[in-house]
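Enquirer: Provided below for reference: sequence and predicted model.
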Amino acid sequence: MSIIITVSNQKGGVGKTTTSAAICAGFADRGAKVLGIDLDPQGNLGFCMGLEGVNGSTILDALQGKLKLQQVVRRLGKVDILPSDISLSATGLEKLEPGKRETALKEALSPMMDYYDYIVIDTPPALNLLTINAYVVSDFLIIPMTTDILSLVGLSQLRETIDSVKRSLNSNLKVLGILLNKFEKGTALSRDVEEMTEDLAKQISTKVFKTKIRQGVAIAEAPAHGEDIFTYNKYSPAVKDYSRFVEEIAEEIEENVRISEVVG
């Protein structure tokens with residue numbers, strides 16, 4: 001079965017898409033077969049992975065049952081992508097009966113669950129039906145946030161959504177950790193936010209990842225060149241941070257899977 005990772009935070013500008021793209025490319029570089037799913041109507045995940053334009057079918061066609069998911073997948077150099085565009089803003093999922101509207105993605109993905117080693121889902125900056133669909137189908141959740149006070153404000157609401165999904169739709173969902181992005185080591189603000197984030201992490205039974213991501217020009221430049229960050233500039237300090245982050249989560253996921261197999 002595929003291991004499914006969702007990257008989520010209802011606040012915009014915290015690095016969700018960059019982190020999703022880094023995980024996709026990082027696991028692919030480790031030899032895994034990876035599918036990236038873009039559930040953000042902005043459609044930036046495909047762009048970050050080198051997809052040139054979205055003309056034709058998107059993830060919305062699969063969610064609405066118009067096409068099989070296999071018909072929507074775009075195959076790129078390193079990974080496969082399920083693209084999106086602005087049409088995803090009006091999914092029509094709310095018109096489905098309760099129970100089906102929250103599981104549309106799970107149903108669409110079911111025929112492909114044995115094909116990929118990892119599936120990585122990029123979510124919109126909102127706690128809506130798209131986000132809930134991602135949580136329902138996922139094994140692990142990663143929460144990126146920047147080191148500013150406003151990034152902390154929405155975490156309590158995010159916790160409520162996670163708890164609700166775990167209670168009624170996916171008891172196996174695990175919050176793998178909180179990733180601090182655009183981190184400026186040594187500043188008083190970064191230290192304060194890190195400390196407060198540690199406290200919040202305990203409240204949702206998770207942790208702050210050891211790896212922190214610094215700011216870096218290469219992160220912003222890579223998509224414009226149609227390359228993932230590791231291909232574009234593996235020597236950038238921020239890219240090296242992401243490389244360490246991929247190693248950190250890979251080891252933790254593998255350990256979680258081993259434990260689950262033993263328990264099972």
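Expert: That came in fine, so what should we check first? Just so it is clear, the model here is predicted, and its values are computed rather than measured.
Enquirer: Mind listing what's buried along stretch 124-143?
Expert: Residues of stretch 124-143 classed as buried: 124-125, 127-143 (neighbour count, 16 or more other CB atoms under 10 Å). Quick note: C-beta positions are derived from backbone N, CA and C, even for glycine.
Enquirer: Show me these that map onto strands.
Expert: Among those, the members falling in strands (DSSP state E) are 140-143.
Enquirer: Out of these, flag the one nearest to A250.
Expert: Set against A250, the nearest of these by CB to CB is F140 (11.3 Å).
Enquirer: Give me the distance between that closest one and Q64.
Expert: 27 Å (CB to CB, to the nearest Å).
Enquirer: for S205, same thing?
Expert: Computed as CB to CB, the S205 to Q64 distance reads 35 Å.
Enquirer: With neighbour numbers in mind, choose between the two.
Expert: Between S205 and Q64, counted using other CB atoms under 10 Å, the more crowded position is Q64 (15 against 11).
Enquirer: Just confirm the more buried one contacts T91, I think it does.
Expert: Yes - if you go by CB atoms under 8 Å, Q64 and T91 touch, sitting 7.5 Å apart.
Enquirer: Now do the buried residues in stretch 8-17.
Expert: For stretch 8-17, burial by neighbour count (16+ other CB under 10 Å) applies to 8-11, 14-17.
Enquirer: What residues of the worst-scoring helix or strand of the chain on mean pLDDT count as buried?
Expert: Lowest mean confidence among the helices and strands of the chain (mean pLDDT, DSSP states H and E): helix 149-153, at a mean of 77. For helix 149-153, the buried set under the neighbour-count rule, 16+ other CB under 10 Å, comprises 151-152.
Enquirer: Any idea how many residues pack against the closest residue to K95 other than its chain neighbours?
Expert: Nearest residue to K95 in three dimensions, chain neighbours excluded: R101, at 7.8 Å (CB to CB, 6 or more residues apart in numbering). By the measure other CB under 10 Å, the count of residues near R101 is 16.
Enquirer: Quick one: residues contacting R101.
Expert: Contact analysis of R101 by CB atoms under 8 Å, 6 or more residues apart in numbering lists 93-95, 129.
Enquirer: Can you name the helix or strand that it falls in?
Expert: Using DSSP states H and E, R101 is not contained in any helix or strand.
Enquirer: ok, now which ones touch A25?
Expert: 49, 78-79, 228-231.
Enquirer: now for the contacts of R101, which pair is the farthest apart?
Expert: So, the contacts of R101 by CB to CB: farthest apart are K95 and L129, at 10.6 Å.
Enquirer: Would you map the strands across the stretch 1-150 of the chain?
Expert: Under the criterion DSSP state E, counting those that start in this stretch, the stretch 1-150 of the chain contains strands at 3-7, 34-38, 74-75, 80-82, 118-122, 140-146.
Enquirer: Specify the stretch among those strands that is closest to L179.
Expert: strand 140-146 (4.5 Å).
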